[in-house]
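Undergrad: the amino acid sequence is not available; the structure is as follows:
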Ligand SMILES: O=P(O)(O)O[C@H]1[C@H](OP(=O)(O)O)[C@@H](OP(=O)(O)O)[C@H](O)[C@@H](O)[C@H]1OP(=O)(O)O
């Protein structure tokens, strides 16, 4: 009989999209109320505490695929529409209704949903910290905005500011933002990172090796069988393009695209691990220089917290709030430098099965609009520092309290505060650095 197939609104594999995941997947309560905040979760750490400074480091909002992935998606579309065969409704939909609407000039630009991601985050943070993110502080220039030069970040910080001004119905205020790639794109300025990772083909060898493992082969075979395509046509790149396509259709248009039928949960876990391997070896614990290249950003955050700690003694804090917009590759190195999400065993191409419970899971850490928030409180017993990831409190590694004394945190990061010198860490003997002349 004619059974109406009703697709769930959210693809079953949406929690495995890694850095291409929606923010709502890490905060599902936002699906019903995008402006919901959990006041009890964010109450001051103890009685008599008042927040005196907030620094937010935020990834840009939802974006289009980059040029290189649009090309891969087009290749996938051409192959499937020309050669794939089966009697499934979803393939008929791909062949007769779905249109290849992505173009190369989209190249990673922000989408409408990405602007909303930041407008809504701005309102939620203002609701959570009304004494800091306030109209009064905006008007007295105590809120600063900094962004990466990339269009998706500039457009995100503009949307963030719009969110605040609309929330307060401020029509007469012009907010400026500063572009600072030393802070938000430090990886572009670190010679050693460029030489040892960006331009070094062996730096991501674990990522390349994982594409030849039995786990990835099984995903390729299953996808080829679903499409009745020759196995030789369904390469790891094509599989990844289809996985990304399902994620973009969902993140950008909030639709459960027919392309998502190419994968089941087991496939998605393998493809999530492939993305986590890339982020681990290119932005995380894989190579020391990945995290050391974020020293500038680390010192910038703690330098401002120290200044606030000093100023509060005289009763006035110059900068109440700093909002800094960057990339997944801004956030992951800084989290690694600070010791967050470090697994006992490194992620490699051979230990996928053992790493099912890994803490380095980018789906949970850096979706679009992911954000780190540092809140400094002035309490009777002294200054306390609360750390939030994606609006949820997160304890510092090896510190059990959720908002420890600021001095305890400084003691914990003593070596980094006294060291972690960007110039020293990133220096490469001139003779051996091929692309440094362009810096
Ligand atoms: O696989 P693509 O081309 O999308 O990779 C992008 C990065 O996207 P991500 O891997 O994080 O999903 C993009 O990071 P974003 O935070 O800006 O989205 C990065 O800026 C871009 O250069 C690509 O990274 P890659 O390392 O150069 O592949």
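TA: Great, that's in hand. These numbers come from a predicted model, not from an experiment.
Undergrad: switch to C-alpha atoms for all contacts and neighbour counts from now on
TA: Fine.
Undergrad: what ranges do the helices span in the stretch 1-150 of the chain?
TA: Secondary structure of the stretch 1-150 of the chain (DSSP state H, counting those that start in this stretch): helices at 67-83, 89-96, 112-128, 135-139.
Undergrad: dump those helices to JSON lines, plus mean neighbour count, distance to residue 315 and mean pLDDT.
TA: Shown next, in JSON lines, are the helices of the stretch 1-150 of the chain (neighbours: other C-alpha atoms under 10 Å; distance: least, C-alpha to C-alpha, whole Å; pLDDT from 0 to 100):
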{"stretch": "helix 67-83", "mean neighbour count": "17", "distance to residue 315": "51", "mean pLDDT": "97"}
{"stretch": "helix 89-96", "mean neighbour count": "15", "distance to residue 315": "63", "mean pLDDT": "96"}
{"stretch": "helix 112-128", "mean neighbour count": "22", "distance to residue 315": "23", "mean pLDDT": "98"}
{"stretch": "helix 135-139", "mean neighbour count": "16", "distance to residue 315": "15", "mean pLDDT": "96"}
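Undergrad: tell me which of those helices lies nearest to residue 147.
TA: Residue 147 lies closest to helix 112-128 among those, at 13.0 Å (C-alpha to C-alpha).
Undergrad: give me the neighbour count for the residue nearest to residue 264 when sequence neighbours are not counted.
TA: For residue 264, ignoring the flanking residues on the chain, the nearest one in space by C-alpha to C-alpha, 6 or more residues apart in numbering is residue 13 at 7.0 Å. Residues lying near residue 13 (other C-alpha atoms under 10 Å) number 20.
Undergrad: residue 13 touches residue 270, doesn't it?
TA: No - in this structure, residue 13 is not within contact of residue 270 by C-alpha atoms under 8 Å, at 11.3 Å.
Undergrad: any idea how far residue 355 is from residue 221?
TA: Counting by C-alpha to C-alpha, to the nearest Å, the gap from residue 221 to residue 355 is 23 Å.
Undergrad: right, I mislabeled it, should have said residue 329
TA: On the measure of C-alpha to C-alpha, residue 329 and residue 355 end up 22 Å apart.
Undergrad: more neighbours: the two, which one.
TA: residue 329 (21 against 17).
Undergrad: if we ignore the residues flanking it in sequence, what's nearest the more buried one?
TA: Closest residue to residue 329 apart from its sequence neighbours, by C-alpha to C-alpha, 6+ apart: residue 283 at 5.9 Å.
Undergrad: got it, and residue 168?
TA: residue 135 (6.7 Å).
Undergrad: residues in contact with the residue sitting nearest the centre point of the chain?
TA: Nearest residue to the geometric centre of the chain (C-alpha atoms, centre = their mean): residue 366, 2.9 Å. For residue 366, the contact set (C-alpha atoms under 8 Å, 6 or more residues apart in numbering) comprises 18, 19, 59, 328, 331, 332.
Undergrad: try it again with 7 Å
TA: 19, 328 (C-alpha atoms under 7 Å, 6 or more residues apart in numbering).
Undergrad: likewise for residue 109?
TA: Listed by C-alpha under 7 Å, 6+ apart, the contact partners of residue 109 are 63, 64, 151, 152.
Undergrad: next: residue 69.
TA: By C-alpha under 7 Å, 6+ apart, the neighbours of residue 69 are residue 241.
Undergrad: relative to residue 100, how far out is it?
TA: Here the criterion is C-alpha to C-alpha. By it, residue 69 lies 13 Å from residue 100.
Undergrad: same question, residue 336
TA: Plainly put, residue 336 is 38 Å away from residue 100 if you go by C-alpha to C-alpha.
Undergrad: okay, the two: which has more neighbours?
TA: residue 336 (22 against 12).
Undergrad: and the more buried one, what helix or strand is that in?
TA: Using DSSP states H and E, residue 336 maps to helix 328-337.
Undergrad: heading C-terminal from that helix, find the next helix or strand.
TA: Heading C-terminal from helix 328-337 (DSSP H and E), you reach helix 362-365.
Undergrad: contacts for that next one next, please.
TA: Contacts to helix 362-365, defined as C-alpha under 7 Å, 6+ apart, come from residues 15, 16, 17, 18, 19, 21, 26, 276.
Undergrad: are it and the ligand in contact anywhere?
TA: No - with C-alpha under 6 Å from any ligand atom as the criterion, the ligand is not reached by helix 362-365; the gap is at least 9.3 Å.
Undergrad: from here on, call the first residue 26.
TA: Right, with 26 as the first residue, what we last looked at is helix 387-390.
Undergrad: what parts of this structure come near the ligand?
TA: Counting by C-alpha under 6 Å from any ligand atom, the chain sits next to the ligand at 44, 45, 90, 91, 94, 352, 353, 354.
Undergrad: any of those residues buried? List them.
TA: The neighbour count (16 or more other C-alpha atoms under 10 Å) marks 44, 45, 90, 94, 352, 353, 354 as buried among those.
Undergrad: tell me the contacts of the residue lying closest to the first one once chain neighbours are set aside?
TA: Counting by C-alpha to C-alpha, 6+ apart, the nearest residue to residue 44 once its immediate chain neighbours are dropped is residue 392, at 5.0 Å. Going by C-alpha under 7 Å, 6+ apart, residue 392 touches 43, 44, 45, 46, 47, 48.
Undergrad: and those as CSV, adding pLDDT?
TA: CSV is the format used below for these (pLDDT from 0 to 100):
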residue, pLDDT
43, 98
44, 98
45, 98
46, 98
47, 98
48, 98
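Undergrad: nearest to the ligand: which residue in the stretch 26-175 of the chain?
TA: Closest residue of the stretch 26-175 of the chain to the ligand, C-alpha to the nearest ligand atom: residue 44 (4.4 Å).
Undergrad: how far away is that residue from residue 387?
TA: 6 Å.
Undergrad: and for residue 106?
TA: Residue 106 is 32 Å from residue 387, by C-alpha to C-alpha.
Undergrad: also residue 131?
TA: 24 Å.
Undergrad: so which of the two has more stuff around it?
TA: residue 387 (24 against 15).
Undergrad: the helices of the stretch 26-175 of the chain: which one's closest to residue 426?
TA: helix 137-153 (20.4 Å).
Undergrad: low-confidence ranges in the protein?
TA: The chain contains residues with pLDDT under 70 at 26-32, 456-464.
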